[in-house]
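Chemist: Structure for the following, please:
(one chain, ligands or ions: 1)
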Amino acid sequence: MKYAEISGWGSYAPPMIMSNEDISRVVDTNDEWIYSRSGIKRRHYSHVSTGKMAWLASERALSSGGFDAKALDLVILGSTSPEEYCPNTASWIKNELGAVKAAAFDLNSACTSWFYGLNVASDMIKAGSIKSALVIGAERISLAMDWNKRESCVLFGDGAGAVLLTASDKDTGLKTAFMSCVPDTRECLHLPSWGLSPLHFTNDIFVSLNFEGQEVFKNAVKGMSDAIDNVLSKEDIQVADIDLFIPHQANMRIIQALAKRLNFPMEKVIVRIDEYANTSAASIPLAMVDALNDKRIKPGMNILVATFGAGLTCGAGIIKWGDRVESISESSKSIPDYDGSIFDLMKDSFNHYGINASHLLTP
Ligand code: UT7
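Modeler: Numbers count the residues shown, from 1 in each chain. Alright, predicted model coming up:
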């Protein structure tokens, strides 16, 4: 068995939605600016932790693959916003799933975390050290929105997506991958107080994202293009052999610039940024699950993925889809909805940044 098939998939998009119109009520911005600069219409914000969202996406992925959690070998949580660093959040997810024998670790390379995890777990399966793994991308990045930075606070959303990988004799799964980290670009996308640096240590759960949009934009297009060139030549295939492209969903203009550079038709690109905004590590698996639900993924397709994130980390890969595009079964697990409005949900964060939203709260 030398292949790692994607044999199950699941996602969780939190039900609370902050539309561009909603956000314009608390930040000096508007739908026209946000949509024309980024392609974003709305974003989902979570009322539960990253781990909880990741757990439900994982339950759905296991059911989709008809796989018993007790047989699972590994759980990787790709995330920049896990609720706990020690013990890691993946171990909590593993316990909730009842994955008794699974190893568990968190992996943080920012928005590329899910893809880096997919590469790690696929290689472990191909090498024969494990036979199955769950690779999750999940973020509660809404906690890192600084409402005084309108250039960045409108761009992100929360969510989770997961895939189940199982060992297979069939020639499927992540065929080839490339990971990179662009030199000297660490400062252009940065959460300065998210960690134990003695200079910045704080007990606050709210962290403020530092962001140089145009620097990120430029390096993202170059980094992903280089990674794509690398995997196409390693796999010895042409752009015309790619059936579908699922890029990281950070900015519609970045996606269009990439497609143009590749000479790739936009009809073959999965775009979900209008619905979810940038969900960091969750963006590709969320888009992939939607593409499956929308029947845009067909058996045997060659699927290109490309991603970038803080670091700046980059990556690209070519996935050969297997025979099955339908789930075997559906999980009955759920998360209770939030009882309140989107402004009620975000009120502590607004207060923290001195934004007066009291007139918008549910009486
Ligand atoms: O996963 C990695 C995450 N990061 C990214 O993906 C970021 C990549 N970069 C981008 O997406 C884009 O650079 C942005 C969407 C962040 C910004 O687009 P831009 O075309 O580079 O705009 P800009 O920064 O040049 O700003 C243009 C104007 C400025 O006004 P002036 O100085 O021209 O009068 C800003 O003050 O737009 C203003 N502006 C806004 N106006 C309304 C900035 N943010 C907003 C806003 N609403 N939210």
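
Chemist: So what's the residue count around residue 63?
Modeler: Residue 63 is flanked by 19 other residues according to other C-beta atoms under 10 Å. Where C-beta positions appear, they are placed from N, C-alpha and C, glycine not excepted.

Chemist: if I've got this straight, it is in a strand?
Modeler: No: using DSSP: H, G, I helix; E, B strand; the rest coil, the assignment for residue 63 is helix, not a strand.

Chemist: Help me confirm that it comes into contact with residue 327.
Modeler: Yes: if you go by C-beta atoms under 8 Å, residue 63 and residue 327 touch, sitting 6.9 Å apart.

Chemist: I'd say residue 133 and residue 126 touch.
Modeler: No: in this structure, residue 133 sits apart from residue 126 without contact. The criterion is C-beta under 8 Å, and the distance is 11.5 Å.

Chemist: For the chain, what lies in contact range of the ligand?
Modeler: By C-beta under 6 Å from any ligand atom, the residues of the chain that approach the ligand are 29, 33-34, 37-38, 111, 150-151, 154, 189, 213-214, 216-217, 250-251, 278, 309.

Chemist: which residues touch the helix or strand residue 292 falls within?
Modeler: Secondary-structure element containing residue 292, defined by DSSP states H and E: helix 283-293. Judged by C-beta atoms under 8 Å, 6 or more residues apart in numbering, the contacts made with helix 283-293 from elsewhere in the structure are 9-11, 13, 57, 111, 114-115, 135-137, 159-163, 244, 246-250, 270-273, 276, 279, 297, 305, 307, 325.

Chemist: Same question for stretch 96-104.
Modeler: Where contact means C-beta under 8 Å, 6+ apart, the residues beyond stretch 96-104 that reach it are 55, 58-59, 62, 69-77, 88, 90-91, 93-94, 134.

Chemist: how far is it from where the chain is centred?
Modeler: Here stretch 96-104 is found 22 Å from its chain centre; the criterion is C-alpha atoms, centre = their mean, to the nearest Å.

Chemist: Same question for stretch 82-98.
Modeler: Once both centres are worked out by C-alpha atoms, centre = their mean, stretch 82-98 turns out to sit 18 Å from its chain's centre.

Chemist: just so I have it, where are all the strands in the stretch 101-250 of the chain?
Modeler: 103-107, 132-139, 159-168, 173-181, 189-190, 210-211, 244-247 (DSSP state E, counting those that start in this stretch).

Chemist: can you give me the helices for this protein?
Modeler: In the chain, the segments counted as helices under DSSP state H are 20-23, 31-38, 50-65, 89-97, 113-127, 150-153, 213-235, 252-262, 273-276, 283-293, 342-345, 347-352.

Chemist: Okay, buried residues for the fifth one please.
Modeler: Applying a neighbour-count criterion of 16 or more other C-beta atoms under 10 Å, the buried positions in helix 113-127 are 113-122, 124-125.

Chemist: Now tabulate those residues in a markdown table and tack on pLDDT.
Modeler: Rendered in a markdown table, the data for these read as follows (pLDDT from 0 to 100):
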| residue | pLDDT |
| --- | --- |
| 113 | 98 |
| 114 | 98 |
| 115 | 98 |
| 116 | 98 |
| 117 | 98 |
| 118 | 98 |
| 119 | 98 |
| 120 | 98 |
| 121 | 98 |
| 122 | 98 |
| 124 | 98 |
| 125 | 98 |
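
Chemist: Report the two of the residues you listed separated the most.
Modeler: Using C-beta to C-beta, the two most remote members of the buried residues of helix 113-127 are 113 and 125, lying 18.6 Å apart.
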